[in-house]
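# Return a 3D structure for these sequence lines:
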Amino acid sequence: MPVIKVIEIMATSSSGWEDAAKNAVVHAAKTVKNIKSVYIKDQSARVQGENLTEYRVNVKISFEVS
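Here you go, the predicted model:
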């Protein structure tokens with residue numbers, strides 16, 4: 001039976017929430033192996049004038065511990 005660990009991180013993107021989520025996984029994968037899933041816990045954005053300038057996601061990344 002595998003053991004799953006969960007970490008929580010925040011990531012950003014200037015192009016959208018989906019890209020921010022991808023950035024979170026790419027960055028986490030540099031040091032975390034066996035990533036199994038990502039859960040988008042929260043989304044927010046920075047606004048400048050009438051434009052969204054930065055998309056932010058708070059994600060939980062699950063990975064198998066060997």
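
# need the contact list for residue 35.
25, 28-29, 61-63 (C-beta atoms under 8 Å, 6 or more residues apart in numbering). C-beta: built from backbone N, CA, C; applies to glycine.

# now residue 36
4, 62-64.

# just to confirm, which helix or strand has the residue lying closest to residue 16 once chain neighbours are set aside in it?
Closest residue to residue 16 apart from its sequence neighbours, by C-beta to C-beta, 6 or more residues apart in numbering: residue 55 at 5.4 Å. Take DSSP states H and E as the rule and residue 55 turns out to sit in strand 51-65.

# Could you list every helix and strand that that strand packs against?
On a contact count with 3 or more C-beta pairs under 8 Å, 6 or more residues apart in numbering; DSSP states H and E, strand 51-65 meets strand 3-13, helix 17-28, strand 35-48.

# So residue 63 is in contact with residue 31, correct?
No. If you go by C-beta atoms under 8 Å, residue 63 and residue 31 don't touch, sitting 10.5 Å apart.

# more neighbours, the two?
When neighbours are counted by other C-beta atoms under 10 Å, residue 63 comes out ahead of the other of residue 63 and residue 31, with 20 against 6.

# Can you read off the pLDDT for the more buried one?
We have a pLDDT of 97 for residue 63.

# So what pairs up with the nearest residue to residue 45 once chain neighbours are set aside in the strands?
Leaving aside its chain neighbours, residue 45 sits nearest to residue 52 (4.6 Å; criterion: C-beta to C-beta, 6+ apart). When bridges are called by DSSP bridges, residue 52 pairs up with residue 47.

# do you know how far residue 52 is from residue 44?
10 Å (C-beta to C-beta, to the nearest Å).

# Can you pull up the most central residue in this protein?
Centroid check for the chain by C-alpha atoms, centre = their mean gives residue 24 as the closest residue, at 3.5 Å.

# Can you tell me the number of residues neighbouring the residue lying closest to that one once chain neighbours are set aside?
Distances taken as C-beta to C-beta, 6+ apart put residue 11 closest to residue 24, at 3.6 Å, once the chain neighbours are dropped. Per other C-beta under 10 Å, the neighbour tally for residue 11 reads 20.
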